[in-house]
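Undergrad: Pasting the sequence and the predicted model now:
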Amino acid sequence: MYVSEIFLHTNKNLKIYNHMRKNLNIAIVGATGLVGKKILQVLLERKISANFYLFASGDGRKIEIGEKTFQSLALSTTNFAHLHLDYAFFAVDAEISKKFAPKFVKNGAVVIDNSNAFRRKKSVPLVVPQVNPKALDASKRLIANPNCSTIQLVTALKPLHDKFKIKRVVVSTYQAVSGAGQNAIFDLLNGTQTKFDFPIQNNLIPQIDVFLPNGYTKEEDKLVFESKKILGLPRLHITATAVRVPIINCHSESVNVEFEKSATTQEVFETLKKAKNVVLQDDTQNKIYPMPLFANERDEVFVGRIRKDNSKKNCFNFWVVADNLRRGAASNAVDIFEKMEEIYEGKDI
Ligand SMILES: NC(=O)c1ccc[n+]([C@@H]2O[C@H](COP(=O)([O-])OP(=O)(O)OC[C@H]3O[C@@H](n4cnc5c(N)ncnc54)[C@H](OP(=O)(O)O)[C@@H]3O)[C@@H](O)[C@H]2O)c1
């Protein structure tokens, strides 16, 4: 075995990974959309050395990142097989992911999918690298990126669970229109109504995704299911209300959490202050608390307004804000890619 190479068994084949892999072949499917474009932006910011293949529904669409301009390729069943892809980020609707992601995997790519197509599958890891990195290993070829509102929630809950053991969570979301794609931003800015059932200008819509027979929406159901899966707490008591609000970007959440262990406000404060990827913004005297305006284009999860819930023992309220396109989608997807690279390099994660 060469020193610079690590041999890894995957499910289907024995693959050789070069220790310092340069010029990876990376596809982004849905590269003209909000999430796909942001993935490309984050990959470029992190100076990932790669050949990028950018797929959309048509050929030749312009994708502008800073001063660079890229062009899209039309996605078809025949035009990716020859590209020897190492990774494919999928940022398209679930139906397109379901059709194409398994084909990309069959062709040798590791697929990181942003849609909800595979998140519930037991065999597919659903990963926030700062929360459950151990769900990843070299055998995983299809990895699901969680829902945007779930990522910021579990990032704040995980350090609290490690310290105080979470018993119950009640979360209400205030979700930006960018969470529904680029047409939704157009609707907010222009007063049109192409994406939602009601105008979003001057309005709040207490429905995100379709209603289920139990009266909850699919978005609320995703938040509950995905939080349990990522935190590894299948019996967690958690309930959600998801609301669309008329701002362009960054989701906010009001969270009420009940712990098994007792905690002081100061201890909750200290725990979140030390947490990975979390920025504590909590100084009410000086009106410091998280807001979408200041979370925009940031990778961290902002937490504040921490206070004891005096109506119940061991309960606290807090407020969480994050950029849904970056932290809630693109940056998490690129974090997963970087973790997989570390695994292939033989690093302990
Ligand atoms: N927005 C968020 O905050 C967020 C967060 C987490 C996860 N997600 C998930 O990420 C996915 C993408 O969301 P988005 O907000 O980026 O949507 P979007 O802005 O509407 O972009 C959709 C993308 O899909 C492409 N597309 C449509 N039909 C296609 C086809 N037949 N073949 C190839 N590409 C096709 C579009 O390309 P054209 O330009 O050619 O039409 C565009 O690039 C969704 O599954 C969404 O649920 C979104």
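TA: It's in.
Undergrad: When you work out contacts or count neighbours from here on, use the C-alpha atoms and nothing else.
TA: Will do.
Undergrad: Quick check: C315 vs the ligand, distance?
TA: Distance of C315 to the ligand, given as Cα to the nearest ligand atom, to the nearest Å: 29 Å.
Undergrad: residues making contact with stretch 24-31?
TA: By Cα atoms under 8 Å, 6 or more residues apart in numbering, the surrounding residues in contact with stretch 24-31 are 36-37, 39-40, 49-57, 63, 72, 75, 83-92.
Undergrad: Would you show me how to pick out the buried ones of those residues in PyMOL?
TA: Those of the contacts of stretch 24-31 that count as buried under 16 or more other Cα atoms under 10 Å are selected in PyMOL with:
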select buried, resi 36+37+39+40+50+52+53+54+55+56+57+63+72+75+85+86+87+88+89+90+91+92
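Undergrad: Looking at the contacts of stretch 24-31, which are in strands?
TA: The strands, defined by DSSP state E, take in A50, N51, F52, Y53, L54, F55, A56, I63, Y87, A88, F89, F90 from the contacts of stretch 24-31.
Undergrad: a markdown table please, covering the residues you listed and showing distance to L231.
TA: Output for the ones in strands among the contacts of stretch 24-31, formatted as a markdown table (distance: Cα to Cα, whole Å):
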| residue | distance to L231 |
| --- | --- |
| A50 | 32 |
| N51 | 35 |
| F52 | 33 |
| Y53 | 34 |
| L54 | 33 |
| F55 | 33 |
| A56 | 33 |
| I63 | 36 |
| Y87 | 26 |
| A88 | 26 |
| F89 | 23 |
| F90 | 24 |
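Undergrad: What is the nearest of those residues to the ligand?
TA: The closest of those to the ligand turns out to be A56 (Cα to the nearest ligand atom; 3.6 Å).
Undergrad: these two touch, right, that closest one and T32?
TA: Yes - with contacts counted by Cα atoms under 8 Å, A56 reaches T32, the gap being 6.2 Å.
Undergrad: any residues in contact with both of those two?
TA: S72.
Undergrad: Pull up the residues of the stretch 51-200 of the chain that are close to the ligand.
TA: 56-58, 75, 91-94, 114-115, 147-148, 178-182 (Cα under 6 Å from any ligand atom).
Undergrad: per-residue confidence for Y216?
TA: At Y216, the model reports a pLDDT of 98.
Undergrad: what about it, distance to A94?
TA: Distance check for Y216 against A94: by Cα to Cα, to the nearest Å, it reads 20 Å.
Undergrad: one step back: which of the residues of the stretch 51-200 of the chain next to the ligand are buried?
TA: Counted by 16+ other Cα under 10 Å, these give 56-57, 75, 91-92, 94, 114-115, 147-148, 178-180, 182 as buried.
Undergrad: And the furthest pair within those?
TA: The span of those, defined through Cα to Cα, is set by L75 and C148 at 24.9 Å.
Undergrad: before we move on, back to that, so can I have JSON lines of the ones in strands among the contacts of stretch 24-31 showing pLDDT and distance to S311?
TA: Shown next, in JSON lines, are those (pLDDT from 0 to 100; distance: Cα to Cα, whole Å):
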{"residue": "A50", "pLDDT": "95", "distance to S311": "54"}
{"residue": "N51", "pLDDT": "96", "distance to S311": "56"}
{"residue": "F52", "pLDDT": "97", "distance to S311": "54"}
{"residue": "Y53", "pLDDT": "97", "distance to S311": "54"}
{"residue": "L54", "pLDDT": "98", "distance to S311": "52"}
{"residue": "F55", "pLDDT": "98", "distance to S311": "52"}
{"residue": "A56", "pLDDT": "98", "distance to S311": "51"}
{"residue": "I63", "pLDDT": "97", "distance to S311": "51"}
{"residue": "Y87", "pLDDT": "98", "distance to S311": "49"}
{"residue": "A88", "pLDDT": "98", "distance to S311": "48"}
{"residue": "F89", "pLDDT": "98", "distance to S311": "45"}
{"residue": "F90", "pLDDT": "98", "distance to S311": "44"}
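Undergrad: Return the residues in contact with P290.
TA: Q281, D282, F302, V303, G304, W319, V320, V321.
Undergrad: just checking, the fourth one is part of a strand?
TA: The one in question is V303. Yes - assessed by DSSP: H, G, I helix; E, B strand; the rest coil, V303 belongs to a strand.
Undergrad: hang on, it packs against A295?
TA: No - V303 is beyond contact range of A295, at 10.6 Å (criterion: Cα under 8 Å).
Undergrad: Neighbour count for the two, which is higher?
TA: V303 (27 against 22; other Cα atoms under 10 Å).
Undergrad: leaving aside the residues next to it on the chain, what's closest to the more buried one?
TA: Distance criterion Cα to Cα, 6 or more residues apart in numbering; nearest residue to V303, sequence neighbours excluded, is V320 at 4.6 Å.
Undergrad: so that neighbour sits in a helix?
TA: No - V320 is assigned strand when assessed by three-state DSSP, not a helix.
Undergrad: And it, how close does it get to Q182?
TA: Going from V320 to Q182 by Cα to Cα gives 24 Å.
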